[in-house]
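1. sequence-free structure coming up:
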């Protein structure tokens, strides 16, 4: 980023990548710009301001494009500048829906026992594409046994007093197929008889 200090008004920062028609090398002490160039420099400065705010969110935790854009809109930033900043952050891999999806699944599965369908739907509801959601969930279950997860969910629901149809409905809402539920019930019966 470079700092721009106009003769009048406040200083601001901009990034070369936000400029389209203004040659970055034409920015030097004492340079003069026409109205169109000045507007582009101001747009680049506003995009840089959005980028800096976005980075404060990214410093706290992984974010996805959709939710981060929503947070920035809630802060009063314009969509045009949000998209400029987030596209740049994605281009340098500071913002990644794939990385967010994997981190979210890891965090979610620490305290919740859910199947693939539920996890995919939760990611999609956060603005992650179906392809990225499916890939992240498949990656997670390549190292985690889905039936073991179903058994853990089954135990949780039984402990809460669910049985029969209500137990099956709760398991299906947690993203497990009927076949997985039956397999989990068999494993649970075997474990209970030992």
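-> Thanks, I have the structure now. Quick caveat, the model's predicted, so the values are computed rather than measured.
2. CA only for contacts and neighbour counts going forward, please
-> OK.
3. residue 185: which element?
-> helix 178-193 (DSSP states H and E).
4. mind giving me the packing neighbours of the lengthiest helix in the chain?
-> Ranked by residue count under DSSP state H, the longest helix found in the chain is helix 35-60. If you count contacts as 3 or more Cα pairs under 8 Å, 6 or more residues apart in numbering; DSSP states H and E, helix 35-60 packs onto strand 12-14, helix 65-74, helix 79-91.
5. next SSE downstream of the last one?
-> Meaning helix 79-91. The C-terminal neighbour of helix 79-91 among helices and strands, as given by DSSP H and E, is helix 97-111.
6. for that next one, buried residues please.
-> Neighbour-count burial for helix 97-111 flags 97-102, 104-105 (criterion: 16 or more other Cα atoms under 10 Å).
7. just stretch 45-60 next, same as before
-> In stretch 45-60, counting by 16+ other Cα under 10 Å, buried: 45-51, 53-55.
8. tell me how far it lies from the chain's centre.
-> Mean-position distance between stretch 45-60 and its chain equals 15 Å (Cα atoms, centre = their mean, to the nearest Å).
9. try stretch 152-171
-> The answer for stretch 152-171 is 30 Å, by Cα atoms, centre = their mean.
10. with stretch 122-138 instead?
-> Remark: stretch 122-138 is offset 10 Å from the chain centroid, using Cα atoms, centre = their mean.
11. ok, and what's touching that stretch?
-> Contact with stretch 122-138 is made by 64-67, 97-98, 101-102, 105, 116, 119-120, as judged by Cα atoms under 8 Å, 6 or more residues apart in numbering.
12. in the helix holding residue 185, what counts as buried?
-> Applying 16+ other Cα under 10 Å to helix 178-193 flags 180-185, 188 as buried.
13. go through stretch 70-90 and flag the buried ones.
-> 72, 77, 81-86, 88-89.
14. mind checking the end-to-end distance for it?
-> Its start and end residues considered, stretch 70-90 measures 16 Å (Cα to Cα, to the nearest Å).
15. what distance separates it from the centre of its chain?
-> Stretch 70-90 sits 14 Å away from the centroid of its parent chain (Cα atoms, centre = their mean).
16. ok, stretch 19-27 next?
-> Distance, centroid of stretch 19-27 to centroid of chain: 32 Å (Cα atoms, centre = their mean).
17. circling back to that earlier point, need the buried residues of helix 97-111 in CSV with distance to residue 112 and pLDDT, can you?
-> CSV is the format used below for the buried residues of helix 97-111 (distance: Cα to Cα, whole Å; pLDDT from 0 to 100):
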residue, distance to residue 112, pLDDT
97, 21, 98
98, 21, 97
99, 20, 97
100, 18, 98
101, 16, 98
102, 15, 97
104, 12, 97
105, 10, 97
